[in-house]
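K.L.:
sequence and computational prediction follow.
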Amino acid sequence: MKIAAKESEETKFWLLLCNRSKNYPNLEDLILKLEIIQKVINKIIATLKRTSL
């Protein structure tokens, strides 16, 4: 799950970079969806940490 969290951060970086380019369409919708996915991943990681104690 930590790898998924890191990958989602990298994906967000590239989406934000592409969003600033004139060659790409507006990616705000994808960025918002990715933020939802990141929240789910972070919740899973937090739950796993709590249950493994």
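P.N.:
Nice, I can see it.

K.L.:
could you measure from residue 19 over to residue 46?
P.N.:
According to Cβ to Cβ, to the nearest Å, residue 19 stands 28 Å off from residue 46. Heads up, the C-betas are built off the backbone N, CA and C, glycines and all.

K.L.:
neighbour count winner among those two?
P.N.:
residue 19 (14 against 10; other Cβ atoms under 10 Å).

K.L.:
could you check how far the residue lying closest to that one once chain neighbours are set aside is from residue 35?
P.N.:
Leaving aside its sequence neighbours, residue 19 sits nearest to residue 27 (Cβ to Cβ, 6 or more residues apart in numbering; 4.5 Å). As judged by Cβ to Cβ, residue 27 and residue 35 stand 12 Å apart.

K.L.:
these two: which is more packed in?
P.N.:
Comparing residue 27 with residue 35 by other Cβ under 10 Å, the one with more neighbours is residue 27, at 18 against 11.

K.L.:
quick one: residues contacting the residue sitting nearest the centre point of the chain.
P.N.:
The residue lying closest to the centre of the chain (Cα atoms, centre = their mean) is residue 8, at 3.6 Å. Applying Cβ atoms under 8 Å, 6 or more residues apart in numbering, we find residue 8 in contact with 34, 37, 38, 41.
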